[in-house]
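Visitor: Give the three-dimensional model of this entry:
(chains A and B)
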2 protein chains.
Amino acid sequence: MSQTAYRTHHATEVTEALAGDKVTLSGWVDRRRDHGGVAFIDLRDTTGLVQVVIYDEEMARPLRSEFVIQVTGEVRLRPEGNENEHLATGKIEVVAESIDVLAKSDALPFQVSTALENESENKLPGEEVRLKYRYLDLRRPSMQRNLKLRSDMSKAARQALDEMGFTEVETPTMIKSTPEGARDFVVPARLVPGSWYALPQSPQLLKQLLMVSGVERYYQLARCYRDEDFRADRQPEFTQLDMEMAFVDQEDVMAMAEKVIAAIWKAAGYEIQLPIQRITWQEAMDKYGSDKPDLRFGNPLVELTDFFKNTPFRVFQAPYVGAVVFKGGAATPRRQFDAWQEWAKQRGAKGLAYVVFAEDGELKGPVAKNLSDEERAGLREAVGAEEGDAVFFAAGARTTAQALLGAVRVELADRAGLLKPDEFAFTWVVDFPMFKSTDDPDDDDVAIGHSKWTAMHHPFTMPSKDWIDSFDKDPEHAMSDAYDIVCNGNEMGGGSVRIHRDDIQDRVLDVLGITDEEAADKFGFLLEAFKYGAPPHAGIALGWDRAAAILAGAESIRDVIAFPKAGGGRDPLTGAPAPISAEQRAETGVDYEPDDEE
Amino acid sequence: MSQTAYRTHHATEVTEALAGDKVTLSGWVDRRRDHGGVAFIDLRDTTGLVQVVIYDEEMARPLRSEFVIQVTGEVRLRPEGNENEHLATGKIEVVAESIDVLAKSDALPFQVSTALENESENKLPGEEVRLKYRYLDLRRPSMQRNLKLRSDMSKAARQALDEMGFTEVETPTMIKSTPEGARDFVVPARLVPGSWYALPQSPQLLKQLLMVSGVERYYQLARCYRDEDFRADRQPEFTQLDMEMAFVDQEDVMAMAEKVIAAIWKAAGYEIQLPIQRITWQEAMDKYGSDKPDLRFGNPLVELTDFFKNTPFRVFQAPYVGAVVFKGGAATPRRQFDAWQEWAKQRGAKGLAYVVFAEDGELKGPVAKNLSDEERAGLREAVGAEEGDAVFFAAGARTTAQALLGAVRVELADRAGLLKPDEFAFTWVVDFPMFKSTDDPDDDDVAIGHSKWTAMHHPFTMPSKDWIDSFDKDPEHAMSDAYDIVCNGNEMGGGSVRIHRDDIQDRVLDVLGITDEEAADKFGFLLEAFKYGAPPHAGIALGWDRAAAILAGAESIRDVIAFPKAGGGRDPLTGAPAPISAEQRAETGVDYEPDDEE
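Guide: As a prediction, this is how the structure comes out:
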């Protein structure tokens, strides 16, 4: 595999067994040290480092960091005491007989050397510079590992799916706009002036059509596109592992997906215990204030609505009161509690009420004095705290208050160092509501109809069996056969049983306030397809960038994407997006007006 | 693998070994026959057919073609004499105990039954109808086989590449427009009004940047986009298996690609003899009148320029005269030779001169009387024909005349039944010219510069070693390190050694007439990257749709694409492309004018 026109071996293939042999290597000058007239080069290639020794000063003179060189020389064991234990090739070195400079390098805008890898993380320039010189940023060994990990993940997933009888099918990316909760990117169609393609937000409708076509088990690592306002860690284009099966129910899909996830993690050396635990959506909201709970640690929310039902404290006279314990928080200085108030306000809350259970048994903190004697006496037991702990409260609308407490819970764990990147806590979240209100101000999804209800997952999700007859009579409470897979507080993927009958699909579109005309225009082909024998089907998609980031322990999905966009969808490397010429614009047909027609 | 909520087995898993067992199956009613009050259903699923016998008339009554049903019943051996040898499950049948109709079907617009597969190819409706109901068209077993074959190809290629140490890297599809010989599709960037992304014509520059980053061996099944006028068997989006390697030369890439191709063909049951033969571009043009010669048969072009150098026949007083033998063509009736004239005229030629070597030794045909005695005497030997053959001639500019003869050669072979779809003749075409004239009227590529020269492959192709110093002094004759892989007269892929030095790249852009300003704007990031230690690198891409079509023996790439576009880039299924709303248009920012700025 290694032998090419430019090398006989890769760097780390040069082992003691080759001592005395002549080898030819190629790669980058990772580091150069000079010592008593002798030059020592760490030569870096895709496999790692090997030390090259150059006695000839002429030969050594031109070599600088990141020059690309080809070295021919003899392998020898390093002199005793000069071995490097940290290096796979630490017992040998190559004595250069000839060196060709294949390409020179200017001084780099930032260091990428393997030798500096551990220290250099902190010395990295800002992300804008890293992205502008992405080809240099990617030379860093940690980025090379991320790319390799992602490649290994894809391989493991494909192999698992292949063993389960899946067919990989490529679906088109220039399609009809089908509103799915976000804005479409659109592409003008030159050959049909005034008309546009949309880039897919997901292959949802196409994979459903594949089920109607009898493919039965489909998968694809699918490129998807969403034109959203830039938010931290979102990308305008992203990849999902998209899977769909016919003649299955929710259990079948979850069992399949667990095998895929286990295979991916195994590729990175982790064993996952199957089956993965489950939690209902309601329980996740109540216990963790999130539909994507981080279960690497416990410390669930405690509901105190009942406990405070007769409270004299006006703030706690609310539809919901809850608390989170701050283990050992009693020793926290006052100014840190003040900082927590700021933290909460930045999240849009009014503040963050708290009490402290002092070691001496006394109840302290600003809230304490507002409580009744009975409440003060029973509070510690009610919240499950111990002396020396503090407790944070939130009161108000259930959803909002739980979300705040959920965020407090995670923030506490983070500050306590409990969010270990190489520990993985998976859970399924099941029993989702079918619809959510379009009034929710926290929600920035685009509603796809004109009613007060929008789809919690998407409009093609099957109501659960109990609700098939009645979901449209009581949308607020209707449940669906949807499921999310969550890891370490991240929604790693989600799916659902799909509607395969046009009568049910019609009723769902009615609830969403989509007119018959709109339905015919947007989904007509799907409703039509359902008339010709559509099998029951269900599926799931895993967010591939997110999964890779979790598995790599990366802070951002940008660290597991070769060429990600910066804020605003800009690419500092190529300068995209950019203006186009007047000629190019004319050709796109975007300025076409029907009157122009001959 | 088969057991799900809806079935215990797939159809073809029901074998004699299960006789007496109860099974539950799900699938489509492929065909129904009634016989003496008993209904026989061919149940179809993704694996094939199984016969279901229904004695209960009530149970059988509702069942129609393409209904989706779930059947539970007992497996029994078919009565002696009723076995069906053509069916994997032909020795058994399932006696239905209960049947659930999971989905009904209206009468289909065209038949998709497996039973009709062999006869039905001719009864298929026009392509517009097939594409409108693509989910039904895909139910046909031949289409299911094509999708499965394509999936198997991808798997085989990935495995071969994995074994050779390749890393799969996903590159972005919303990029900077980089002219590569065709029109870009463009996407307005809402967040940077007035700016656009381009969809990639290939990941060319990105994969070169990956080489600069040290990935060394990259591959991707990459979606690519070209906004070309619709021509037969082109698609606006297509897939290529994109591969690139660092520290390699042309030989390394060709050896690697041969292993990939052999693995793909092996996945379909064919052994390819390696190494694949080679032909120079010049020889391909001279012998076959094509840079993608079909080598399933011989019958090369014969050059007669010298032979006719003193000819009295005005038509043959040309820079080039050549011929192709029509084996046994002497018996062809006159009106068929007239039809050949028409055929040639439709290809833009003036006609197609010919002579006939009659069995009696006489030279006939319209051209014969124009030749000198000497020419008449020596012609048969000069073209290598026998008595009973005919010979077609072309005279004129070398390229044009050879192209016509090349087409005649293929047409003759086609009519003689020599173009067998399950025979595969591969060849490498090597030693390409580096540049071609932009004056060529046959060429519809978009020139990327302003000179009379454009790149034969693309502007990033390395001149061959002998031409590195002089390619810009003699662009007409300069050769490049480019190579195409050809199968059965199709260009299945191509690649080249790339330029990895900014000085050479600058000089190539100069020849193409690209100004420094344009170069900086379009390729500035690549030229910049070359300043920081770019390794020598080379690559190749295989057209995946074309490769699948060749391997499947499909007439069109549309038969190996799940949801292809019809003429003009339209999708008869979804109605894409389509107008967008005024609101959506406003959001895209295409109508933004700098004056609008606050």
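Visitor: List the strands paired with the lengthiest strand in chain A, with their directions.
Guide: In chain A, assigned by DSSP state E, the strand with the most residues is strand A:22-35. Strands that pair with strand A:22-35, judged by DSSP bridges, come out as strand A:38-45 (antiparallel), strand A:68-77 (antiparallel).
Visitor: show me what contacts the closest residue to chain B within the stretch 401-550 of chain A?
Guide: At 3.7 Å from chain B, residue A:533 is the closest residue in the stretch 401-550 of chain A, using C-beta to the nearest C-beta. All C-beta atoms are positioned from the backbone trio N, CA, C, and that covers glycine. Each residue near residue A:533 by C-beta atoms under 8 Å, 6 or more residues apart in numbering or on different chains is listed here: A:212, B:28, B:66-68, B:103-105.
Visitor: next one: residue A:276
Guide: So residue A:276 contacts A:258, A:261, A:426-428, A:485 (C-beta under 8 Å, 6+ apart).
Visitor: and if you look at residue A:345?
Guide: Contacts of residue A:345 by C-beta under 8 Å, 6+ apart are residue A:351.
Visitor: most packed of the strands paired with strand A:22-35?
Guide: strand A:38-45 (a mean of 21; mean count of other C-beta atoms under 10 Å in any protein chain shown).
Visitor: CA atoms only for it, dumped as PDB, please.
Guide: Extracted in PDB, the C-alpha atoms of strand A:38-45 (Å, rounded to 0.1, in the frame of the first residue of the first chain):
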ATOM      1  CA  VAL A  38      24.100  17.600  12.600                       C
ATOM      2  CA  ALA A  39      20.500  18.400  11.600                       C
ATOM      3  CA  PHE A  40      17.600  16.300  13.000                       C
ATOM      4  CA  ILE A  41      14.400  16.400  11.100                       C
ATOM      5  CA  ASP A  42      11.100  15.100  12.300                       C
ATOM      6  CA  LEU A  43       9.500  14.000   9.000                       C
ATOM      7  CA  ARG A  44       5.700  13.900   9.100                       C
ATOM      8  CA  ASP A  45       3.400  12.000   6.800                       C
END
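Visitor: Mind listing residues that contact it?
Guide: By C-beta under 8 Å, 6+ apart, strand A:38-45 touches A:7, A:10-11, A:25-34, A:49-55, A:57, A:60, A:63, A:69, A:71, A:93-94, A:96, A:113-115, B:214, B:216, B:247.
Visitor: let's go with 7 Å and repeat that
Guide: For strand A:38-45, the external contacting residues (C-beta atoms under 7 Å, 6 or more residues apart in numbering or on different chains) are A:10-11, A:25-33, A:49-55, A:60, A:63, A:71, A:114-115, B:216.
Visitor: Can you tell me the strand partners of the helix or strand just after it and which way each runs?
Guide: Downstream of strand A:38-45, the first helix or strand assigned by DSSP states H and E is strand A:48-54. Next to strand A:48-54 in the sheet, as set by DSSP bridges, lie strand A:38-45 (antiparallel), strand A:92-103 (parallel).
Visitor: out of these, nearest to residue A:471?
Guide: For the strands paired with strand A:48-54, the distance to residue A:471 is smallest for strand A:38-45, at 59.5 Å, taking C-beta to C-beta.
Visitor: Residue A:54 against residue A:62, yeah?
Guide: No: taking C-beta atoms under 7 Å as the definition, residue A:54 is not a contact partner of residue A:62, at 11.0 Å.
Visitor: Mind listing what's buried along the longest helix belonging to chain A?
Guide: Taking DSSP state H as the criterion, chain A has its longest helix at helix A:141-163. For helix A:141-163, the buried set under the neighbour-count rule, 16 or more other C-beta atoms under 10 Å in any protein chain shown, comprises A:141-144, A:146-161.
Visitor: Quickly find the element holding the residue positioned nearest the centre of chain A.
Guide: By C-alpha atoms, centre = their mean, the mean C-alpha position of chain A lies nearest to residue A:546, the distance being 1.7 Å. Here residue A:546, judged by DSSP H and E, is contained in helix A:544-552.
Visitor: Pull the residues that contact that helix.
Guide: Counting by C-beta under 7 Å, 6+ apart, A:146, A:149-150, A:153, A:221, A:235, A:238-241, A:264-265, A:268, A:487-488, A:490, A:492, A:556-557, A:559-561 sit against helix A:544-552.
Visitor: is the longest helix of chain A up against chain B anywhere?
Guide: Yes: against chain B, helix A:141-163 shows contacts by C-beta under 7 Å from any C-beta of the partner chain at A:144, A:147-148, A:151, A:154-155, A:162.
Visitor: Tell me the one among these nearest to residue A:190.
Guide: Residue A:190 lies nearest to residue A:154 out of the residues of helix A:141-163 next to chain B, by C-beta to C-beta, at 33.9 Å.
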